[in-house]
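In: the sequence and its predicted three-dimensional model are supplied below.
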Amino acid sequence: MTFIDYFQIAIVVIILGVITTKVIYLKAVTGVNPIVIGQGKGAWRIVEILSLGSVVLWLTEVVLHALHIYPRSWDFLLLNIPAVKVLGLVLVSFGLVVFLLAFFSFGKSWRIGIDRDTPGTLVTEGIFGITRNPIYVAFHLYFIGIFLIHGTLFFLVFALMAAVAVHFQIRREEEFLKRQYGGSFQAYCARTPRYLLW
């Protein structure tokens, strides 16, 4: 195994560790279950569950590729350039920093999914002063970085599909936040970009 292989496994472990720790912390301190994905109504419930399953599949593929035990039939190599792999490492690293800053800034308001019962307070400080969706930005950087590291069709298709899925999820969350926080959220939207530039 190479440095890049260990690096990828370490990132997966850190992300899962941070999420698990946050879930345990929020349950212990607030009594709130922050995992509310799939608890909505209608077709979006199924979409949320399928999206979560897709992320689990993707993380599994990252680990399998890092361990070099992935199925060869899925491995359609599109690019294999050392400098591009380094760029991928940089994007994944930057994504991890944004992810950690977002978790720190979120405080007790972090949820997976839209929590209509116990939504928490509107977070606009810290990294949320730069982008309204730092965790999604972090995951985009991660998805693109992993594609650049491996250069395979699977990771490219996943990054593109994730970009579309995340955009629609953000729009759903924005509609909920408008109803929940009204003018405060609209003022926040006026001064803070959805992603980084717009």
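Out: Looks like it arrived, so ask away.
In: per-residue pLDDT of residue 74, please?
Out: Looking at residue 74, its pLDDT reads 62.
In: burial count for residue 46?
Out: Residue 46 has 11 neighbours, counted by other Cβ atoms under 10 Å. All C-beta atoms are positioned from the backbone trio N, CA, C, and that covers glycine.
In: which stretches of this structure have low pLDDT?
Out: Within the chain, the segments meeting pLDDT under 70 span 40, 71-74, 197-198.
In: residue contacts, the spatially most central residue of it?
Out: In the chain, the centroid-proximal residue (Cα atoms, centre = their mean) is residue 139; its distance is 3.7 Å. For residue 139, the contact set (Cβ atoms under 8 Å, 6 or more residues apart in numbering) comprises 95, 99, 162, 166.
In: list buried residues within these.
Out: Among the contacts of residue 139, those classed as buried by 16 or more other Cβ atoms under 10 Å are 95, 99, 162, 166.
In: excluding sequence neighbours, find me the nearest residue to the third one.
Out: Put plainly, it is residue 162. Nearest residue to residue 162 in three dimensions, chain neighbours excluded: residue 143, at 5.2 Å (Cβ to Cβ, 6 or more residues apart in numbering).
In: now name the helix or strand holding the one you found.
Out: Using DSSP states H and E, residue 143 maps to helix 134-150.
In: could you export the buried ones among the contacts of residue 139 as a markdown table, including secondary structure and distance to residue 194?
Out: Listed next are the buried ones among the contacts of residue 139 as a markdown table, based on DSSP: H, G, I helix; E, B strand; the rest coil; distance: Cβ to Cβ, whole Å:
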| residue | secondary structure | distance to residue 194 |
| --- | --- | --- |
| 95 | helix | 17 |
| 99 | helix | 17 |
| 162 | helix | 16 |
| 166 | helix | 11 |
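In: closest to residue 58 out of those?
Out: residue 162 (7.9 Å; Cβ to Cβ).
In: contact partners for the nearest residue to residue 125 once chain neighbours are set aside?
Out: Leaving out its chain neighbours, the residue that sits closest to residue 125 by Cβ to Cβ, 6+ apart is residue 105, at 6.3 Å. Contact partners of residue 105, counting by Cβ under 8 Å, 6+ apart, are 123, 125-128, 134.
In: most neighbours of all those, which one?
Out: Of all these, residue 134 has the most neighbours under the rule other Cβ under 10 Å, reaching 25 neighbours.
In: sweet, I'm off.
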